[in-house]
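Colleague: Provided below are the primary sequence and the corresponding predicted coordinates.
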Amino acid sequence: MAAAGTFATLDALAAHLRREIAGANKKCTLIFAHNGTGKTRLSMAFKDLGKARDAEGQVTARDTLYFNAFTEDLFSWDNDLANDRDRVLRMNTASAFFDGLAELEMENRIRPLLRRHADFDFQIDYDAGMIMFWRETAKDAQGAEVPVPIKISRGEENLFIWCFFLAIAELAIDGQEAYDWVRYLYIDDPISSLDEQNAIAVAAQLARMLKGQERLKAVISSHHTLFFNVLCNELKKAWQFYLGREAAGWVLRDTGQTPRFYHVAMLKELHEAAQAGRLYTYHFTILRSILEKTATFHGFSHFGDVMKRDPDDEDGTLHFRYIQLLSHGGYSLFEPAEMLPENKDIFRRILENFMTDYRFNPALFPQPETEGATP
């Protein structure tokens, strides 16, 4: 796929994605990447490239509506420290994100989306820039029913902010005048602090919205395995990529022809790196993640249990200690360091033992045609 490649900077990658998406007229692009790889920074670079500025540097036009950690930062709690009673979520109304929303009846747009996930209600005070939440009401001095304010959980807060964004995205999809400038939706990890049930629901909800529209192009990046898998299965025509960080820069790989379960894609990556000798310290961290998921799947309480063939397996115990030690080093994903030769040998032995004990499709892991020393 032409869109795959290696890029020295995230700005270069963002520019490349824009060209490829526009050239192929691709409606949806899905990117899986581990935390720390640069997903959020990539979303900001992509968004910034869609801005036009005047001679004074002021933004005169833009084309990307985005959701990422910065979107969540537009909301903050006022916990009413003086009275410990009227807790509200405040909106940073200085942001253009909130422009013109008071006239668009956002409560009525948000509620149908939110009710799929949560049981609380809310009210937005646009003049004061705050949102009140409640589950119950009580009678005031005049006998009228009034809300009893609550502070919702972090997961519920994330769901509310997500539904807030989703309601705005629907306005953009519909071509509403206030959002007719939007040409791209860029969504980075909307499901932090959510349980698996809500992760599935959010992914399915997003997929339904995107499948039914033709106006906008969407880019979605995530580190969440289940969320990414649901999107891949729902949006079968979407471009699907894995974003990694290596010594040469950021590597974008097409995963369209590999299984959609990212742990298999990661194992394939480790297998190829081990064969080529391109092993870096952070590969131990990726291998540990795969071992932990395997242990959970097979009902073990710790990943060391999947490394030992029996309780007296000294090699399995030793390899477990290596993984513990070498996956917790102070290694930087931003400045990858190549493994020492002896650590490469240990890594290959652990990987080979694991793939022997837990059989994967051999067609995905071809052996080299000629045997020889691996660097």
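Modeller: Structure's in. What do you need?

Colleague: nearest to the spatial middle of this protein, which residue is it?
Modeller: What sits nearest the mean C-alpha location of the chain, by Cα atoms, centre = their mean, is S222, with 1.9 Å.

Colleague: ok, that residue to R90 distance?
Modeller: When distance is defined by Cβ to Cβ, to the nearest Å, S222 is 28 Å away from R90. Placement of C-beta: from N, CA and C, glycine included.

Colleague: for L81, same thing?
Modeller: With distances taken as Cβ to Cβ, L81 is found 14 Å from R90.

Colleague: compare these two (neighbour count), which wins?
Modeller: R90 (15 against 7; other Cβ atoms under 10 Å).

Colleague: now name the helix or strand holding that one.
Modeller: Counting by DSSP states H and E, the element that carries R90 is strand 88-91.

Colleague: just the CA atoms of that strand, as CSV, please.
Modeller: Extracted as CSV, the C-alpha positions of strand 88-91 are listed here (Å, rounded to 0.1, in the frame of the first residue of the first chain):
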residue,chain,number,x,y,z
VAL,A,88,-19.8,21.3,38.2
LEU,A,89,-17.8,20.5,35.1
ARG,A,90,-16.5,23.8,33.7
MET,A,91,-15.9,24.4,30.0
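
Colleague: ok, that strand: who's next to it in the sheet?
Modeller: Pairing partners of strand 88-91, with direction, according to DSSP bridges: strand 75-78 (antiparallel), strand 130-139 (antiparallel).

Colleague: quick one: which of these is nearest G304?
Modeller: Across the strands paired with strand 88-91, the minimum distance to G304, taken as Cβ to Cβ, is reached by strand 75-78, at 40.4 Å.

Colleague: buried set for that closest one?
Modeller: F75 (16 or more other Cβ atoms under 10 Å).

Colleague: quick one: mean pLDDT for it?
Modeller: Model confidence over strand 75-78, given as mean pLDDT, is 93.

Colleague: same check on stretch 287-300?
Modeller: The average of the pLDDT scores along stretch 287-300 is 82.

Colleague: thinking again about what came up before, what angle do whichever helix or strand comes after the strand holding R90 and strand 130-139 make?
Modeller: Moving toward the C-terminus from strand 88-91, the next helix or strand (DSSP H and E) is helix 106-114. Interaxial angle, helix 106-114 versus strand 130-139 (axes from the mean of the first three to the mean of the last three Cα atoms, to 10 degrees): 80 degrees.

Colleague: pull the residues that contact helix 106-114.
Modeller: Applying Cβ atoms under 8 Å, 6 or more residues apart in numbering, the set of residues contacting helix 106-114 from outside is 121-124, 159-160, 163-164, 166-168, 170-171, 205.
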